[in-house]
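Trainee: structure for this input, please:
(one chain, ligands or ions: 2)
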Amino acid sequence: MSAYESVLAARSCVENLTPLKTDCGRLCAGACCQGDDATGMLLFPGEEAFYDGCTFGRIIPAGFSLGGAPAQLFVCGGTCDRANRPLACRLFPLFLRFKEDGVTKLRIDLRAKAVCPLTDYGIRSLDPDFRQAARKAYDILLEDDACAAYLRDLDDAFSL
Ligand code: SF4
Ligand code: SF4
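Mentor: Ligands and ions are numbered 1, 2, ... in the order given. Below you'll find the model as predicted:
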């Protein structure tokens, strides 16, 4: 599988699932979708191909590299075609942590703490189906060298 195909498969794992069975956006007025012109969601390797001619957002350089390639951010206006939302939006607020022995573990993304009220309640408060689907999505990504390198760098860069 190419990175694009891996990202496509990972996206489909979390296509219709959200952190809670109910609409968690009602808790926070959709805080994770209220960025500005300079903030956005990091795109996974090959994911920019989904946004050729996109009408609800644009891609900007992140200004750093992940997995040996320049990272890119997808910046939206706070609404999107849900079926084409980036993988990072689908996985939020989960993050993949690498332990020293190489084993990976799902964690709450500490960067999400400033915006997401769910982070106060820990990973077990999230819908088990969502957690399981996110785990599957990450496992698919880990099978691709480019995506695995990206995830390792992401962990190195953003683990607090
Ligand atoms: S910030 Fe958290 S609670 Fe709010 S919509 Fe996003 S994931 Fe749900
Ligand atoms: S692309 Fe969609 S899900 Fe992602 S931040 Fe924008 S509005 Fe929210």
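
Trainee: I'd assumed Thr79 was in contact with Gln34.
Mentor: No - if you go by C-beta atoms under 8 Å, Gln34 and Thr79 don't touch, sitting 10.7 Å apart. To be clear about C-beta, it is placed using only N, CA and C from the backbone, and glycine gets the same treatment.

Trainee: ligand 1 contacts on this protein?
Mentor: Within the chain, the positions adjacent to ligand 1 are 19, 24-25, 27-28, 30-32, 92-93, 115-118 by C-beta under 6 Å from any ligand atom.

Trainee: burial of Asn16, as a residue count?
Mentor: 11 (other C-beta atoms under 10 Å).

Trainee: cool, Ser65 as well?
Mentor: The number of residues packed around Ser65, counting by other C-beta under 10 Å, is 12.

Trainee: what are the bridge partners for it, then?
Mentor: Judged by DSSP bridges, the bridge partners of Ser65 are Pro70.

Trainee: drop anything exposed from the residues of the chain next to ligand 1.
Mentor: With neighbours counted by 16 or more other C-beta atoms under 10 Å, these contain buried members at 19, 24, 32, 92-93, 115-116, 118.

Trainee: and the two most separated of those residues?
Mentor: For these, the farthest-apart pair by C-beta to C-beta is Pro19 and Val115; their separation is 12.6 Å.

Trainee: on that earlier part again, go through the residues of the chain next to ligand 1 and name the one nearest ligand 2.
Mentor: Here the nearest of those to ligand 2, counting by C-beta to the nearest ligand atom, is Cys32; it sits at 6.1 Å.

Trainee: the closest one looks like it's in a helix, true?
Mentor: Yes - read with DSSP: H, G, I helix; E, B strand; the rest coil, Cys32 is one of the residues of a helix.

Trainee: hmm, back to that, turn the residues of the chain next to ligand 1 into TSV, including distance to Ala157.
Mentor: Shown next, in TSV, are the residues of the chain next to ligand 1 (distance: C-beta to C-beta, whole Å):
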residue	distance to Ala157
Pro19	23
Cys24	26
Gly25	27
Leu27	28
Cys28	25
Gly30	26
Ala31	23
Cys32	19
Phe92	17
Pro93	17
Val115	19
Cys116	19
Pro117	25
Leu118	23
